[in-house]
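In: Fold the following and give me the result.
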Amino acid sequence: MIRRNRTILMAVVLLAVFIFSVPIQAAEKKEYSLDLFREVFQYTLDKYVHELDEKTLEEMAIRGLMQQLDPYSQYFDLEDYADFQVEMDGRFGGVGLRIEKIGDYITVVAPLSGTPGEKAGILAGDRIIKVNDTDVVGMNLQKAVSIIRGEPGTSVKLTILREGVAEPLIFNVMRSIIEIKVVESAMLEGQIGYIKLTNFTSSSTMLYTRALNGLLSDGARGIILDLRNNPGGYLGAALSVASPFIEEGGNLVHIQSRADGDNTYFSTSKALGIPLVVLVNKGSASGSEIVAGAVQDHGAGTLVGTRTFGKATVQHMHELSNGGAVKITTSQYLTPNRRQINGVGIEPDVVVEDPEEQLKTAIEILKKKIGLETKNNSPGITFKIGEKAMWVNGRFVSLNEAPYLTREGVTMVPLRIIAEQLDCKVNYDPREQKITLVKGDSQLIMWVGKKEALVNGLVKSLDSVPVVKGGTSLVPLRLVAEFFGSQVEWNNGQITIK
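Out: This next block holds a predicted model:
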């Protein structure tokens with residue numbers, strides 16, 4: 001049941017994508033003169049060639065107002081809004097296309113994975129000009145949706161304009177029950193975790209977290225996040241997808257709103273430090289572009305595929321007293337580095353046009369990142385400079401801080417996690433900034449910022465001073481190896497302590 005005068009936000013299944021989840025505060029009411037509007041309204045009512053009732057003309061005026069704002073603002077009458085709410089349930093009879101009205105054209109934002117529309121070969125960016133024999137150019141979006149949808153098992157003919165193709169394309173598509181599978185996951189070759197996210201819904205955060213944690217528990221060494229043909233959804237869901245790969249406190253997105261002012265959203269979890277590749281294409285829009293922009297700006301992973309859709313606006317749904325609703329663009333968002341996305345999209349780091357090659361490329365990139373082509377399964381502790389991950393006897397371990405090289409070429413490594421793998425005790429005294437490492441009867445003492453240490457009471461000069469970053473002590477690798485009596489091997493940038 002619809003409650004009157006209620007402000008809500010919803011993710012869209014077949015239509016536009018909403019990513020904002022905080023109700024808009026009502027602005028202070030101002031008095032406006034509508035004399036000119038009343039004059040035109042009355043003249044049209046009196047003189048138009050065909051007779052119009054006041055309700056019809058009123059709704060025509062409202063629709064025109066919404067259409068003049070931007071491609072995503074829209075008016076829903078009572079029937080349209082009821083259809084819209086059916087689609088929000090995530091199960092309906094149709095062909096599985098997410099569409100928007102852009103200009104005069106009903107435009108495909110993305111075909112849903114595994115649906116009749118995708119299987120027929122319809123692509124993001126295709127413009128639908130006819131549904132059966134009905135011309136839909138200039139048609140109201142919700143009306144176009146209503147004639148595309150229909151009983152499962154019936155066929156609908158879609159005539160489409162495609163960029164780069166001279167003649168219109170005709171697709172006869174069999175309607176079916178569309179049930180959106182939000183998250184799919186699998187473990188690929190080389191312990192590479194794969195997660196496909198088709199939409200950012202109210203349930204996607206839980207499903208995504210479950211899938212990610214499951215893959216990590218099973219020993220995933222890298223993650224492929226597939227956002228191809230994902231048109232977006234709830235803002236909170238998009239942020240929860242990006243957050244595990246961005247440093248805690250790192251900004252994820254900037255939201256600009258005339259009514260509510262500007263807001264910046266930040267990562268609230270520690271970064272996993274695991275290698276990441278994000279797959280994107282022209283069907284990746286809105287919430288998908290929030291994730292892609294955050295990953296790219298922070299250097300948290302590699303984007304592979306083709307340029308994204310370029311929808312970086314936020315729509316707010318407000319119910320009206322007549323049982324209908326208006327959907328209005330209230331905000332726009334920018335990437336962490338304040339890059340503009342709307343109408344532009346995001347260019348991936350590695351451009352790959354062929355969809356099948358995109359996944360293959362992602363796998364190859366991760367193989368190189370996690371060193372699967374070398375000796376990660378050999379005994380010892382293995383890591384790479386600049387990567388927040390290491391492998392202990394082939395087992396993946398996430399790091400809070402990555403090993404790095406100083407200007408003098410000294411390799412600095414996180415001490416505590418290495419010591420723990422070797423059953424040694426580490427103590428840090430923040431008052432004296434003293435780091436103590438104990439192995440049996442042996443003791444190593446270092447001080448943050450000092451270029452000397454005590455090894456069993458004997459003074460030893462260091463190649464570089466120990467530091468503390470983000471609560472992690474990083475010390476010279478040579479000192480650690482000598483104390484443990486370990487050998488260090490270098491292989492194509494990969495370091496193994498044995």
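
In: How much space separates the residue lying closest to Ile341 once chain neighbours are set aside from Ile255?
Out: Using CB to CB, 6 or more residues apart in numbering and skipping the chain neighbours, the partner closest in space to Ile341 is Ala312 (3.7 Å). C-beta coordinates here come from the backbone N, C-alpha and C atoms, glycine included. In this view, Ala312 and Ile255 are 10 Å apart by CB to CB, to the nearest Å.

In: any shared contact partners between those two?
Out: Listed as contacting both Ala312 and Ile255 by CB atoms under 8 Å, 6 or more residues apart in numbering are Gln332, Tyr333.

In: Same drill for the two, tell me which one is more crowded.
Out: Shown here are Ala312 and Ile255; by other CB atoms under 10 Å, Ala312 has more neighbours (29 against 22).

In: give the contact list for the more buried one.
Out: Contacts of Ala312 by CB under 8 Å, 6+ apart are Ser286, Glu289, Gln332, Tyr333, Leu334, Gln340, Ile341, Asn342.

In: count of neighbours near the fifth one?
Out: Pointing back at Leu334 there. For Leu334, the neighbour count with other CB under 10 Å is 20.

In: roughly how far apart are it and Gln340?
Out: Relative to Gln340, and taking CB to CB, Leu334 is found at 6 Å.

In: Identify the farthest-apart pair in the contacts of Ala312.
Out: By the measure CB to CB, Ser286 and Gln340 form the most distant pair in the contacts of Ala312, at 14.3 Å.

In: neighbour-wise, which of those two wins?
Out: It is Ser286, of Ser286 and Gln340, that has more neighbours when counted by other CB under 10 Å, with 32 against 12.

In: residues near the nearest residue to that one once chain neighbours are set aside, how many?
Out: Nearest residue to Ser286, sequence neighbours excluded (CB to CB, 6+ apart): Gly232, at 2.7 Å. For Gly232, the neighbour count with other CB under 10 Å is 31.

In: ok, now Arg339?
Out: Arg339 sits with 14 neighbouring residues when counted by other CB under 10 Å.

In: From what I see, it and Ala294 are in contact.
Out: No. Taking contacts as CB atoms under 8 Å, Arg339 lies outside contact range of Ala294: 10.9 Å.

In: Helix or strand with the lowest mean pLDDT in the chain?
Out: Within the chain, no helix or strand scores below strand 7-8, which has a mean of 28 by mean pLDDT, DSSP states H and E.

In: residues of the next helix or strand after that strand that come out buried?
Out: Per DSSP states H and E, the first helix or strand lying C-terminal to strand 7-8 is helix 35-47. For helix 35-47, the neighbour count (16 or more other CB atoms under 10 Å) marks Phe41 as buried.

In: Could you identify the helix or strand that succeeds helix 35-47?
Out: Of the helices and strands lying after helix 35-47 in sequence (DSSP H and E), the nearest is helix 54-69.

In: got a list of what Glu151 touches?
Out: Residues in contact with Glu151 (CB under 8 Å, 6+ apart) are Gly93, Arg175.

In: Kindly report the same for the one 3 residues further on.
Out: Residues in contact with Thr154, defined by CB under 8 Å, 6+ apart, are Met174, Arg175.

In: Likewise for the one 5 residues further on?
Out: When contacts are counted by CB under 8 Å, 6+ apart, Thr159 is found next to Ile128, Ile129, Lys130, Val131, Pro168, Leu169, Ile170.

In: Please repeat the previous calculation with a cut-off of 7 Å.
Out: By CB atoms under 7 Å, 6 or more residues apart in numbering, the contact set of Thr159 is Ile129, Lys130, Pro168, Ile170.

In: Can you tell me which of those residues comes closest to Leu188?
Out: Nearest to Leu188 among the contacts of Thr159 is Ile170, at 37.0 Å by CB to CB.

In: Restricting to C-alpha, output the helix or strand hosting that closest one in CSV.
Out: Assigned by DSSP H and E, Ile170 belongs to strand 169-174. Presented in CSV, the C-alpha positions along strand 169-174 are these (Å, rounded to 0.1, in the frame of the first residue of the first chain):
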residue,chain,number,x,y,z
LEU,A,169,18.4,-4.0,-36.5
ILE,A,170,15.3,-6.1,-35.7
PHE,A,171,15.3,-8.5,-32.7
ASN,A,172,12.4,-10.9,-32.0
VAL,A,173,12.7,-11.6,-28.3
MET,A,174,10.7,-14.1,-26.3
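
In: Can you mark which positions in it are buried?
Out: Phe171, Val173.

In: I'd like the next helix or strand past that strand.
Out: Heading C-terminal from strand 169-174 (DSSP H and E), you reach strand 176-179.

In: ok, that following strand: who's next to it in the sheet?
Out: For strand 176-179, the paired strands and their directions (DSSP bridges) are strand 91-94 (antiparallel).

In: elements contacting whichever helix or strand comes after the partner strand?
Out: Next in sequence after strand 91-94, counting helices and strands by DSSP H and E, comes strand 97-102. Here strand 97-102 touches strand 105-111, going by 3 or more CB pairs under 7 Å, 6 or more residues apart in numbering; DSSP states H and E.

In: Good, wrapping up.
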